[in-house]
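> everything below, folded, please.
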Amino acid sequence: MGKQKIQVDAEYGWWTVVEYRGGRSLCRCTCGREVAVLNSNLTSGQSTKCKYCATKITANNREHGPTRKVLRHIPAEVYQRLATITVNVLRRCTDATHPQWKDYGGRGIEVYLAWLENRWEFIKYLATLPCYLNPSLVLDRKDNDGNYEPGNLRFVTRSVSSLNRRRFAHKFAHDHKGRFTKATLEVY
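Sure thing, here's the model as predicted:
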(Lines give C-alpha, C1' and ligand atoms only; values in the text may rest on other atoms or scores of the structure.)
Protein backbone atom coordinates (compact mmCIF):
# COMPACT_ATOMS: atom_id res chain seq x y z
CA MET A 1 0.00 0.00 0.00
CA GLY A 2 1.52 3.34 -1.08
CA LYS A 3 1.69 6.55 0.90
CA GLN A 4 -1.35 8.79 0.69
CA LYS A 5 -0.57 12.19 -0.84
CA ILE A 6 -1.52 15.12 1.37
CA GLN A 7 -3.37 17.87 -0.49
CA VAL A 8 -3.58 21.53 0.54
CA ASP A 9 -7.15 22.35 1.74
CA ALA A 10 -7.81 18.67 2.49
CA GLU A 11 -9.68 18.10 5.75
CA TYR A 12 -8.74 15.52 8.38
CA GLY A 13 -11.14 15.70 11.32
CA TRP A 14 -10.98 19.29 12.55
CA TRP A 15 -7.73 19.94 10.67
CA THR A 16 -7.48 21.70 7.30
CA VAL A 17 -4.12 21.40 5.54
CA VAL A 18 -2.68 24.85 4.92
CA GLU A 19 0.76 23.92 3.59
CA TYR A 20 2.47 20.66 2.65
CA ARG A 21 6.01 20.41 4.10
CA GLY A 22 7.27 16.93 3.27
CA GLY A 23 6.87 14.65 6.32
CA ARG A 24 4.72 17.21 8.14
CA SER A 25 1.93 19.50 7.04
CA LEU A 26 0.96 22.86 8.47
CA CYS A 27 -2.68 22.41 9.54
CA ARG A 28 -5.29 24.82 10.85
CA CYS A 29 -7.75 23.57 13.45
CA THR A 30 -11.35 24.79 13.39
CA CYS A 31 -10.46 26.98 16.41
CA GLY A 32 -7.87 28.81 14.26
CA ARG A 33 -4.67 27.40 15.76
CA GLU A 34 -2.01 26.33 13.26
CA VAL A 35 0.24 23.35 14.02
CA ALA A 36 2.71 21.22 12.05
CA VAL A 37 1.29 17.67 12.12
CA LEU A 38 2.94 14.44 10.95
CA ASN A 39 1.35 13.36 7.68
CA SER A 40 1.11 9.77 8.91
CA ASN A 41 -0.92 10.98 11.93
CA LEU A 42 -3.30 12.83 9.60
CA THR A 43 -3.88 9.96 7.22
CA SER A 44 -4.22 7.35 9.98
CA GLY A 45 -6.72 9.46 11.92
CA GLN A 46 -4.45 9.56 14.96
CA SER A 47 -4.53 13.38 14.91
CA THR A 48 -7.93 15.00 14.30
CA LYS A 49 -7.71 18.30 16.21
CA CYS A 50 -5.30 20.51 18.14
CA LYS A 51 -4.42 19.75 21.76
CA TYR A 52 -6.42 22.75 22.98
CA CYS A 53 -9.65 21.53 21.35
CA ALA A 54 -9.03 17.96 22.48
CA THR A 55 -8.47 19.21 26.04
CA LYS A 56 -11.55 21.42 25.89
CA ILE A 57 -13.76 18.51 24.84
CA THR A 58 -12.34 16.32 27.60
CA ALA A 59 -12.61 19.12 30.19
CA ASN A 60 -16.23 19.87 29.31
CA ASN A 61 -17.06 16.21 29.96
CA ARG A 62 -15.51 16.28 33.45
CA GLU A 63 -15.96 18.45 36.48
CA HIS A 64 -12.25 19.22 36.68
CA GLY A 65 -10.02 19.39 33.63
CA PRO A 66 -6.59 20.49 32.51
CA THR A 67 -8.05 23.92 31.70
CA ARG A 68 -7.65 24.68 35.42
CA LYS A 69 -4.05 25.52 34.50
CA VAL A 70 -5.32 28.46 32.46
CA LEU A 71 -7.06 29.81 35.57
CA ARG A 72 -4.13 29.30 37.94
CA HIS A 73 -4.20 32.98 38.98
CA ILE A 74 -7.41 32.20 40.89
CA PRO A 75 -6.84 30.67 44.36
CA ALA A 76 -7.98 27.02 44.49
CA GLU A 77 -10.80 27.58 47.00
CA VAL A 78 -12.15 30.55 45.00
CA TYR A 79 -11.86 28.58 41.77
CA GLN A 80 -13.86 25.73 43.31
CA ARG A 81 -16.58 28.14 44.46
CA LEU A 82 -16.78 29.77 40.99
CA ALA A 83 -16.87 26.33 39.33
CA THR A 84 -19.75 25.29 41.59
CA ILE A 85 -21.60 28.53 40.82
CA THR A 86 -21.24 28.00 37.06
CA VAL A 87 -22.39 24.38 37.21
CA ASN A 88 -25.45 25.39 39.26
CA VAL A 89 -26.31 28.25 36.87
CA LEU A 90 -25.98 26.00 33.83
CA ARG A 91 -28.15 23.29 35.38
CA ARG A 92 -30.89 25.69 36.55
CA CYS A 93 -31.13 27.21 33.08
CA THR A 94 -30.74 24.13 30.87
CA ASP A 95 -31.98 21.06 32.78
CA ALA A 96 -35.78 20.83 32.86
CA THR A 97 -35.55 18.25 35.66
CA HIS A 98 -33.71 20.66 37.99
CA PRO A 99 -35.88 21.70 40.99
CA GLN A 100 -35.36 25.42 40.22
CA TRP A 101 -35.89 25.11 36.45
CA LYS A 102 -39.31 26.83 36.61
CA ASP A 103 -37.70 29.93 38.13
CA TYR A 104 -34.85 30.09 35.59
CA GLY A 105 -34.85 28.15 32.32
CA GLY A 106 -38.60 27.60 32.46
CA ARG A 107 -39.12 31.35 32.63
CA GLY A 108 -36.83 32.06 29.68
CA ILE A 109 -33.62 32.90 31.56
CA GLU A 110 -30.73 31.82 29.33
CA VAL A 111 -26.96 31.58 29.61
CA TYR A 112 -24.64 33.43 27.22
CA LEU A 113 -23.88 31.02 24.35
CA ALA A 114 -20.08 31.15 24.71
CA TRP A 115 -20.45 30.13 28.38
CA LEU A 116 -22.78 27.27 27.48
CA GLU A 117 -20.19 25.95 25.05
CA ASN A 118 -17.25 26.43 27.43
CA ARG A 119 -17.90 26.87 31.14
CA TRP A 120 -14.22 27.74 31.68
CA GLU A 121 -14.92 31.02 29.86
CA PHE A 122 -17.78 31.59 32.30
CA ILE A 123 -15.40 31.10 35.24
CA LYS A 124 -12.84 33.44 33.65
CA TYR A 125 -15.53 36.11 33.27
CA LEU A 126 -16.68 35.74 36.88
CA ALA A 127 -13.07 36.23 37.97
CA THR A 128 -13.14 39.68 36.34
CA LEU A 129 -16.07 40.90 38.45
CA PRO A 130 -15.44 43.08 41.49
CA CYS A 131 -15.41 41.22 44.81
CA TYR A 132 -15.26 37.72 43.25
CA LEU A 133 -12.75 36.71 45.95
CA ASN A 134 -15.20 37.34 48.80
CA PRO A 135 -16.80 33.99 49.76
CA SER A 136 -19.67 35.67 51.62
CA LEU A 137 -21.02 37.19 48.36
CA VAL A 138 -23.35 35.47 45.91
CA LEU A 139 -23.75 35.80 42.15
CA ASP A 140 -26.68 38.03 41.20
CA ARG A 141 -28.22 39.21 37.94
CA LYS A 142 -28.64 43.00 37.93
CA ASP A 143 -31.79 42.64 35.81
CA ASN A 144 -33.71 39.78 37.39
CA ASP A 145 -35.54 39.15 34.11
CA GLY A 146 -32.28 39.30 32.13
CA ASN A 147 -30.03 36.46 31.11
CA TYR A 148 -26.74 35.26 32.55
CA GLU A 149 -24.61 37.34 30.22
CA PRO A 150 -21.72 39.82 30.35
CA GLY A 151 -22.76 43.09 31.95
CA ASN A 152 -25.72 41.64 33.84
CA LEU A 153 -23.83 39.86 36.63
CA ARG A 154 -22.39 41.01 39.93
CA PHE A 155 -21.42 39.66 43.33
CA VAL A 156 -23.58 41.00 46.19
CA THR A 157 -24.55 40.07 49.73
CA ARG A 158 -27.40 37.60 50.23
CA SER A 159 -29.59 40.36 51.63
CA VAL A 160 -29.13 42.52 48.51
CA SER A 161 -29.72 39.50 46.29
CA SER A 162 -32.94 38.66 48.15
CA LEU A 163 -34.30 42.11 47.29
CA ASN A 164 -33.65 41.46 43.59
CA ARG A 165 -36.45 38.91 43.16
CA ARG A 166 -39.59 39.00 41.08
CA ARG A 167 -41.83 39.81 44.03
CA PHE A 168 -39.55 42.70 45.07
CA ALA A 169 -38.51 43.86 41.61
CA HIS A 170 -40.84 46.86 41.77
CA LYS A 171 -42.33 48.85 44.59
CA PHE A 172 -45.19 51.25 44.46
CA ALA A 173 -44.88 54.79 45.70
CA HIS A 174 -46.92 57.95 45.70
CA ASP A 175 -45.93 60.84 43.51
CA HIS A 176 -46.22 64.45 44.70
CA LYS A 177 -49.96 64.48 43.81
CA GLY A 178 -50.78 61.34 45.83
CA ARG A 179 -51.11 59.01 42.80
CA PHE A 180 -49.59 55.53 42.78
CA THR A 181 -46.52 55.17 40.63
CA LYS A 182 -44.35 52.15 40.03
CA ALA A 183 -40.73 52.84 40.92
CA THR A 184 -37.88 50.46 40.14
CA LEU A 185 -36.08 49.27 43.22
CA GLU A 186 -32.52 50.56 43.17
CA VAL A 187 -29.86 48.42 44.84
CA TYR A 188 -26.46 49.95 45.56
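> SS state for the residue positioned nearest the centre of the chain?
In the chain, the residue lying closest to the centroid (Cα atoms, centre = their mean) is Trp115, at 2.1 Å. At Trp115 the chain is in helix, as set by DSSP: H, G, I helix; E, B strand; the rest coil.
> that one touches Cys93, doesn't it?
No. Contact criterion Cβ atoms under 8 Å: Trp115 and Cys93 do not qualify, at 10.0 Å. All C-beta spots, glycine's among them, are computed from the backbone N, C-alpha and C.
> buried sites along the strand or helix carrying Ser25?
According to DSSP states H and E, Ser25 maps onto strand 24-28. Buried residues in strand 24-28, counted by 16 or more other Cβ atoms under 10 Å: Arg24, Ser25, Cys27, Arg28.
> what's the closest non-adjacent residue to Gly23?
The spatially closest residue to Gly23, leaving aside those adjacent along the chain, is Asn39, at 6.1 Å (Cβ to Cβ, 6 or more residues apart in numbering).
> how far away is the one you found from Arg141?
50 Å (Cβ to Cβ, to the nearest Å).
> now Pro99
Pro99 is 19 Å from Arg141, by Cβ to Cβ.
> between the two, who's got more neighbours?
Higher neighbour count among Pro99 and Arg141: Arg141, with 18 against 9, using other Cβ atoms under 10 Å.
> nearest residue to the more buried one other than its sequence neighbours?
Nearest to Arg141 is Asn152, by Cβ to Cβ, 6+ apart, at 5.3 Å.
> which ones are touching Cys53?
Applying Cβ atoms under 8 Å, 6 or more residues apart in numbering to Cys53 gives the contacts Trp14, Cys29, Thr30, Cys31, Arg33.
> closest one to Phe122 out of those residues, please.
Cys31 (17.8 Å; Cβ to Cβ).
> so which elements touch the top strand by length along the chain?
Taking DSSP state E as the criterion, the chain has its longest strand at strand 15-21. Applying 3 or more Cβ pairs under 8 Å, 6 or more residues apart in numbering; DSSP states H and E, we find strand 15-21 packed against strand 24-28, strand 34-38.
> next, the distance between the ends of stretch 27-40.
End-to-end distance of stretch 27-40 (Cα to Cα, to the nearest Å): 13 Å.
> repeat for stretch 145-158
18 Å.
> since that was my last question, I'll sign off now.
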